[in-house]
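Undergrad: the sequence and its predicted three-dimensional model are supplied below.
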Amino acid sequence: MQKLLKIITYPNDILKKKSQKISQEIIKSKEFQILCDDMAETMIKKDGIGLAAPQIGKNIRLAIINSKEGPLYIINPQIIKRSWSKEWGEEGCLSVPNVFGKVKRNSKITCVYADRNGEEKKISPKGLMARVFQHEIDHLDGILFIEKAKNIKTQNLRA
Ligand code: CO
């Protein structure tokens, strides 16, 4: 059974730290594989479109993105190409509950990463998926969307 992980919320120094690269040896470990499953479960239960490891208290370069095909496990991601065009779009974050704001992001990116088997992958998401990749990779560099957002508003959707 997967367990629900506690989500770290703003302000907490863990969210501001640059996260560490993950070795192949760690990727292959049982502990890491369990963490991947628990994070995916947590993201889905909390209705997140993405979740980065610092958000559950671990400063390692792992993020999970909820794609149409299911959870994508992104390890040591690097954006190797960014489109010239950018677009504004509304973002929120499980670590900054009930806060939303518009952030300008590249419309399309190319990202290389390792999947949870340690295999190298390359993906070129655009639109919303490109936005989620950039938001999650920012988490790994200690950057929150509220540092880049305009028109920040507070809205309690559960109220
Ligand atoms: Co976030």
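TA: Structure's in. What do you need?

Undergrad: dump the lengthiest strand in the chain to CSV, restricted to CA.
TA: Taking DSSP state E as the criterion, the chain has its longest strand at strand 70-82. Extracted in CSV, the C-alpha atoms of strand 70-82 (Å, rounded to 0.1, in the frame of the first residue of the first chain):
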residue,chain,number,x,y,z
GLY,A,70,-0.3,8.5,-16.2
PRO,A,71,2.4,9.6,-13.8
LEU,A,72,5.7,10.6,-15.4
TYR,A,73,8.7,10.2,-13.1
ILE,A,74,11.3,12.9,-13.9
ILE,A,75,14.7,12.5,-12.4
ASN,A,76,17.6,14.9,-12.8
PRO,A,77,15.7,16.9,-15.5
GLN,A,78,17.5,19.4,-17.7
ILE,A,79,15.9,21.8,-20.1
ILE,A,80,18.1,21.7,-23.2
LYS,A,81,15.9,23.9,-25.4
ARG,A,82,13.3,26.6,-24.9
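
Undergrad: can you tell me the closest non-neighbouring residue to the residue sitting nearest the centre point of the chain?
TA: Taking Cα atoms, centre = their mean, the centroid of the chain lies closest to Glu136, which sits 2.6 Å from it. In space, and not counting its chain neighbours, Glu136 is closest to Ala63: 3.9 Å by Cβ to Cβ, 6 or more residues apart in numbering. C-beta coordinates here come from the backbone N, C-alpha and C atoms, glycine included.

Undergrad: touching, the one you found and Pro54? I think so.
TA: No - contact between Ala63 and Pro54 fails when scored by Cβ atoms under 8 Å: they sit 9.2 Å apart.

Undergrad: what touches both of the two?
TA: Residues touching both Ala63 and Pro54 (Cβ atoms under 8 Å, 6 or more residues apart in numbering) are His139, Leu140.

Undergrad: where does pLDDT dip in this structure?
TA: The chain contains residues with pLDDT under 70 at 157-159.

Undergrad: over to the residue nearest to the centre of the chain: give its phi and psi.
TA: Backbone geometry at Glu136, expressed as degrees, to the nearest 10, gives phi -70, psi -40.

Undergrad: contact partners for it?
TA: Here Glu136 is in contact with Gly50, Leu51, Ala52, Ala63, Ile64, Ile65, Ile74, Pro77 (Cβ under 8 Å, 6+ apart).

Undergrad: of those, which pair is most distant in space?
TA: Pairwise distances across the contacts of Glu136 peak at 13.7 Å for Leu51 and Pro77 (criterion: Cβ to Cβ).
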